[in-house]
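Chemist: build me a model:
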Amino acid sequence: MTRRVIFLDIDGVLAPIRRWDRYGDLEPACIQVLNEIVARAGADVVVSSTWRYGKTVAELQEMLEAQGFTGCVLDKTPTGAPGADRGDEIAAWLAEHAVGGYVIIDDHANMGELRTHLVLTQPARGLQPADAPRAIALLMRPANGGPPC
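Modeler: Residues are numbered from 1 along each chain as shown. Predicted structure coming up:
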């Protein structure tokens, strides 16, 4: 079976942004929703957040586990060329790895052609239980199955 992947942003997803001048801490309730998605879809995490800068995959795993994450951090997306957006970085990762399904969980919508795989969060609230069914459905859908809408 080919793996299923969650491209994970952290600020505005697991760490709600409650004030414009201060990014939040990791929120246990948001991590629990992520754990549910990982468990129900059998998915691994690829960190696409700026939190990946200067951190190894093992360090990202430890950081998330310390806050209650029960899944596996598989990798992190490459850092794109200046001017590249997160969608470009995710597309570059997908070009190098076979996946059975994927979802992007982010609080920014600039994903280009990948936006059909996006679960968009509200930055002040982060990942919510109501987001889980859509994320799971996207993970279970073949990554390159069917014509684009």
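Chemist: show me where pLDDT drops low in the protein?
Modeler: Scanning the chain for pLDDT under 70 picks out 1, 19-24, 143-149.
Chemist: how about the strands in it?
Modeler: 4-8, 43-47, 73-76, 101-106, 118-120 (DSSP state E).
Chemist: counting by contacts, list what the last one packs against.
Modeler: The helices and strands touching strand 118-120, judged by 3 or more C-beta pairs under 8 Å, 6 or more residues apart in numbering; DSSP states H and E, are strand 101-106, helix 132-140. C-beta coordinates here come from the backbone N, C-alpha and C atoms, glycine included.
Chemist: biggest helix in the chain by residues?
Modeler: Among all segments of the chain classified by DSSP state H, the helix with the greatest residue count is helix 28-41.
Chemist: near the closest residue in space to Gly71 that isn't next to it in sequence, how many other residues are there?
Modeler: Closest residue in space to Gly71, ignoring its immediate chain neighbours: Val38 at 3.7 Å, by C-beta to C-beta, 6 or more residues apart in numbering. The local packing of Val38 (other C-beta atoms under 10 Å) involves 22 other residues.
Chemist: these two touch, right, Val38 and Thr70?
Modeler: Yes. Applying C-beta atoms under 8 Å as the test, Val38 and Thr70 come out as touching, 7.1 Å apart.
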